[in-house]
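Asks: below are the sequence and a predicted model for it; my questions follow.
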Amino acid sequence: NWLYSMLANLQTFVGAPLQCVEKLDYSWVFRFGEPLLIMTESPWRLVTPEKIIVAADDHGQKFGLPQPVDASECVLSRLATLGVRSVSVDDLTGDLLLYFSDRVYLQFLQLSAGYESWRAHTGNGETICTGGGGLVFVPADKNR
C-alpha cells in the first residue's frame, strides 16, 4: 500500500551520512549519496539539545560576525561524522525530522496550507510533503 511504500522510502535514509548541502537559487539540496537527497524551498533548521545551530534564513547573514554565515558549512561541520539514526514525519504538519544522534536533528518544516514543502528522493521514488502537511509517494517508475 502507499503508506508502507512512503515510510519505507523515508527509512532508506537511515544509516546514510550527509555528504553535501547546496543552496541553488531558492532551493536547498541535502545530498546523502546517490540517489538519496532531500530538496526544499521551505524553512529548515539544525537543532541540538543546546539550541538551534543554524536555519535556512541564517545563510548569508552577518549577525555581527567577521564573515557571513555559511549555513551549508555549519550543517556539514556538525554532522560530518554522523549518519542518520532515524526518520520521522509529524502526521499533522508533515514536518520531516532526520535524527543524527540523541536530540540532534535536521528539521524540514511545512509552513503552507497550499505549497509543497520538501521532497525526499531515493532509488525507489520520492516522498513529497504537499500543502497542509499531506504526503504523497511517487514510485520511481512514475517520477516526473
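Replies: Great, that's in hand.

Asks: CA atoms for contacts and neighbours, from now on please.
Replies: Fine.

Asks: you'd agree residue 109 is up against residue 95?
Replies: Yes. Contact criterion C-alpha atoms under 8 Å: residue 109 and residue 95 qualify, at 4.7 Å.

Asks: the closest residue to residue 130 other than its chain neighbours in helix, strand or coil?
Replies: Closest residue to residue 130 apart from its sequence neighbours, by C-alpha to C-alpha, 6 or more residues apart in numbering: residue 116 at 4.2 Å. Put simply, residue 116 is coil when judged by DSSP: H, G, I helix; E, B strand; the rest coil.

Asks: so residue 116 versus residue 127, what's the distance?
Replies: Separation of residue 116 from residue 127 (C-alpha to C-alpha, to the nearest Å) stands at 11 Å.

Asks: do the same with residue 79
Replies: 23 Å.

Asks: same deal with residue 135?
Replies: Distance of residue 135 to residue 127, given as C-alpha to C-alpha: 7 Å.

Asks: of these two, who's got more company?
Replies: Using other C-alpha atoms under 10 Å, the more surrounded residue of residue 135 and residue 127 is residue 127, with 22 against 19.

Asks: to which secondary structure element is the more buried one assigned?
Replies: strand 125-129 (DSSP states H and E).

Asks: now for that strand, which elements pack on it?
Replies: Applying 3 or more C-alpha pairs under 8 Å, 6 or more residues apart in numbering; DSSP states H and E, we find strand 125-129 packed against helix 2-11, strand 118-122, strand 135-139.

Asks: partner strands of it and their direction?
Replies: strand 118-122 (antiparallel), strand 135-139 (antiparallel) (DSSP bridges).

Asks: for that strand, give me every contacting residue.
Replies: With C-alpha atoms under 8 Å, 6 or more residues apart in numbering as the test, strand 125-129 has contacts from 6, 9-10, 94, 110, 116-121, 135-143.

Asks: among the residues you listed, name the buried ones.
Replies: 6, 9-10, 94, 110, 116-121, 135, 137-139 (16 or more other C-alpha atoms under 10 Å).

Asks: now the helices and strands packed on strand 125-129 as CSV including mean pLDDT and distance to residue 65?
Replies: Formatted as CSV, the helices and strands packed on strand 125-129 follow (pLDDT from 0 to 100; distance: least, C-alpha to C-alpha, whole Å):
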stretch, mean pLDDT, distance to residue 65
helix 2-11, 76, 37
strand 118-122, 95, 30
strand 135-139, 89, 39
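
Asks: please consider this matter closed, and thank you.
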